[in-house]
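Undergrad: Whatever this is, show me its structure:
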Amino acid sequence: MEMKSKFSQSSGFQFDAAAERKLRRKIDFFIVPIVSLLYLFCFIDRSNIGNARLAGFEEDLGLKGNDYNLVLSVFYISYAVFEIPTTLLCKIIGPGWFIPLTTLLFGIATVATGFAKTRAQIIGLRFLLGIFEAGMMPGIAYYLSRWYRHAELSFRLGMYMVMAPLAGAVGGLFASGILSLDHVGSLTEWRMIFGVEGIITIGLALITLATLTNSPESAFWLSVEEKKLAIDRVKSERIAQDAVIDKINWAKLKNGMLNPVTISTAFIFLLDNIVVLGISFFLPTIIRSIYPEYGRVHQQLLTVPPYVVAAFFVLFVPWLASHYDTRQIFLFLSCPLVIIGYAILIKSKDDSVRYGAIFLTASSAFIPGALSNAQVSANTVSDTSRSIAIGTNVMFGYFGGLIATWTYLPWDGPMYPIGNGLNLAVASGVAVISLGGLVWMKYDNKRRDRKSPAEREEELSGLTHDQISDLDFKHPDFRWKP
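TA: Here you go, the predicted model:
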């Protein structure tokens, strides 16, 4: 966001607006494109199994009945279990090392998937993929929170989260192109999809190992003055904190996890991910049920346009959220089109209408991914509480992913009333929780505002400097940021 005055001021800090704009442009150039590209292939490597399904994946591995859903589920079991440990590992070793290394590992797992011969092997590889990808989404969100102010973060999170729907579009195009080949080395058919996309991921990981920096202090592309400005900008928004990057302790971990906004937002993300990952894994299946007479390449290509529409909204809505420095109302506004889309999929039997309904659901379903991480980041104070809050949010989200793997079952097709009905219900749940959270935050801020300076001082009396630093959202000067 552009600052109109010459100077911006926050919590006793005063910054030159022109210098801030120049710094933001540098960060946008050196950080956001790198992590966005890595996340693109993270999501492609996760969701390309849907494209492989159209290319003989199940038949080749002897999968029957609900085996495909089981293969999807094991990914989310390991993903959810390792979510918080890998997020903390990201903080401990530093994002500049963690993000490229975990990318390298899930790239290797993706290539190995192309060589799987049995049901047991594919289940084992998907379990490993879940471990290696677990820290990626929260790790990038946490990493960006080291560089950007709260008001700036929503749009930057949107700039990398847009890669989730783009992965669907790019993955569909990749799959169509790859499947037009006879073979890639010893790999044929669906195996080529995993092999080629995994090799690209490995290459990107090796490049970013040499280019990604942990924090402003170690950024070779910033001057000494720019490093100080980058640190002070973030520090200015953190109440009672002496440093941007702090040491881990239990009080901050607990306050990050049990923060009311963390919990409510995480539950929103859980429900939303049932929709998002249902789309990611089953859109090719849904397209096949709508247009069974089309060839597999044509079916793959029909998965692309809904993702392009989704990508536009994943950038546009977080931009609005950053411009107005508010996120909760946009979480609510992401729901109506999803609800309408699934209502149409439940009721209509017209092929063109049902395909059009997919555009409605995809247009808004991906939005909470960016906004939810921005919201928990904006409503936590210390670096430790922020990292655990983002990890908690994403962990809840991928429990939603686990549910999503069982929403479209073979015997429910071709109309899938259970899967579409569940997605309609959870979108309605997101609307209720997000609106309720907005009302509660405004109410609690007014309650805090009614306290006199003497009352606020009394709450801090008898506490040491470290204890005050650990209070996070319990600090009397803290206010929720809807």
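Undergrad: can you give me the helices for the stretch 101-250 of the chain?
TA: For the stretch 101-250 of the chain, the helices defined by DSSP state H, counting those that start in this stretch cover 119-133, 136-145, 150-161, 163-179, 190-209, 224-235, 250-258.
Undergrad: which stretches of this protein have low pLDDT?
TA: For the chain, residues meeting the criterion pLDDT under 70 lie at 1-13, 238-246, 280-281.
Undergrad: any idea which helix or strand comes after the longest helix along it?
TA: In the chain, assigned by DSSP state H, the helix with the most residues is helix 417-449. Sequence order places helix 453-460 as the next helix or strand after helix 417-449, per DSSP states H and E.
Undergrad: report the angle between the axes of that following helix and helix 417-449?
TA: For helix 453-460 against helix 417-449, the angle by axes from the mean of the first three to the mean of the last three C-alpha atoms, to 10 degrees is 110 degrees.
Undergrad: Give me the residues contacting helix 453-460.
TA: Outside helix 453-460, the residues within contact range by C-beta atoms under 8 Å, 6 or more residues apart in numbering are I468, H475, P476, D477. Where C-beta positions appear, they are placed from N, C-alpha and C, glycine not excepted.
Undergrad: Can you tell me which of those has the most neighbours?
TA: H475 (19 neighbours; other C-beta atoms under 10 Å).
Undergrad: Quick check on that one: phi, psi?
TA: phi -70, psi 140 (degrees, to the nearest 10).
Undergrad: quick one: it from G436, how far?
TA: Applying C-beta to C-beta, to the nearest Å, the value for H475 to G436 is 24 Å.
Undergrad: that older thread, and which of the contacts of helix 453-460 is nearest I403?
TA: The nearest member of the contacts of helix 453-460 to I403, counting by C-beta to C-beta, is H475 at 35.9 Å.
Undergrad: CA-only coordinates of stretch 82-94 in CSV, if you can.
TA: Only the C-alpha atoms of stretch 82-94 are listed here, as CSV (Å, rounded to 0.1, in the frame of the first residue of the first chain):
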residue,chain,number,x,y,z
PHE,A,82,3.9,-33.1,11.2
GLU,A,83,2.5,-29.6,10.6
ILE,A,84,3.4,-27.9,13.9
PRO,A,85,6.8,-29.8,14.3
THR,A,86,8.0,-28.7,10.8
THR,A,87,6.8,-25.1,11.3
LEU,A,88,8.8,-24.9,14.5
LEU,A,89,11.8,-26.5,12.7
CYS,A,90,11.4,-23.8,10.1
LYS,A,91,11.8,-21.2,12.8
ILE,A,92,14.7,-23.0,14.5
ILE,A,93,16.9,-23.6,11.4
GLY,A,94,15.7,-20.5,9.5
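Undergrad: Could you tell me how many residues sit around G94?
TA: G94: 17 neighbours (other C-beta under 10 Å).
Undergrad: I'd say D325 and E152 touch.
TA: No. Using C-beta atoms under 8 Å, D325 is not in contact with E152; the gap is 9.1 Å.
Undergrad: quick one: which of those two has more around it?
TA: The neighbour comparison of D325 against E152 (other C-beta under 10 Å) goes to E152, with 20 against 16.
Undergrad: correct me, but the more buried one touches R25?
TA: No. Between E152 and R25 there is no contact under C-beta under 8 Å: 11.7 Å.
Undergrad: Would you list the phi and psi of the spatially closest residue to R296 that is not a sequence neighbour?
TA: Spatially, and ignoring its direct neighbours in sequence, R296 is nearest to L54 (4.9 Å; C-beta to C-beta, 6 or more residues apart in numbering). In terms of degrees, to the nearest 10, the main-chain angles of L54 are phi -80, psi -10.
Undergrad: how long is stretch 445-459 from one end to the other?
TA: Start and end residues of stretch 445-459 are separated by 16 Å (C-alpha to C-alpha, to the nearest Å).
Undergrad: coming back round to it: the longest helix of the chain - contacts with which helices or strands?
TA: Packed against helix 417-449 by the contact rule (3 or more C-beta pairs under 8 Å, 6 or more residues apart in numbering; DSSP states H and E) you find helix 260-290, helix 328-333, helix 336-347.
Undergrad: mind listing what's buried in the next helix or strand after the first one?
TA: Stepping forward along the backbone from helix 260-290, the first helix or strand reached (DSSP H and E) is helix 296-302. Within helix 296-302, the residues that qualify as buried are R296, V297, Q299, Q300, L301, L302, counting by 16 or more other C-beta atoms under 10 Å.
Undergrad: The following helix or strand past helix 296-302 vs helix 150-161, what angle?
TA: Counting by DSSP H and E, the next helix or strand C-terminal to helix 296-302 is helix 304-324. In terms of direction (the same axes, to 10 degrees), helix 304-324 departs from helix 150-161 by 170 degrees.
Undergrad: From the contact counts, what lies against helix 304-324?
TA: helix 150-161, helix 163-179, helix 328-333, helix 351-365, helix 367-378.
Undergrad: what residues does it touch?
TA: 1, 151-159, 161-162, 164-169, 172-173, 279, 283, 327, 330, 333-334, 358-359, 361-367, 369-371, 374.
Undergrad: 7 Å - rerun?
TA: 1, 151-152, 154-155, 157-159, 161-162, 165-166, 168-169, 172-173, 327, 330, 358-359, 362-364, 366-367, 370-371, 374 (C-beta atoms under 7 Å, 6 or more residues apart in numbering).
Undergrad: and what of stretch 154-168?
TA: Looking at what lies outside stretch 154-168 - C-beta under 7 Å, 6+ apart - the contacts are 32, 35-36, 39-40, 43-44, 47, 140-141, 144, 148, 280, 283, 303, 307, 310-311, 314-315, 318-319, 321-322, 327, 362, 366, 369-371, 373-374.
Undergrad: Filter those residues down to the buried ones, ChimeraX style.
TA: Buried residues within the contacts of stretch 154-168, by 16+ other C-beta under 10 Å, are selected in ChimeraX with:
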select :32,35,36,39,40,43,44,47,140,141,144,148,280,283,303,307,310,311,314,315,318,321,322,327,362,366,369,370,371,373,374
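Undergrad: Buried ones in stretch 186-204, by neighbour count?
TA: Buried residues in stretch 186-204, counted by 16+ other C-beta under 10 Å: 187-202, 204.
Undergrad: One more: stretch 110-127?
TA: Buried, per 16+ other C-beta under 10 Å, within stretch 110-127: T110, V111, A112, T113, G114, A116, R119, I122, I123, L125, R126, F127.
Undergrad: Same question for stretch 22-41.
TA: By neighbour count on 16+ other C-beta under 10 Å, the buried set for stretch 22-41 is 23-24, 26-28, 30-32, 34-41.
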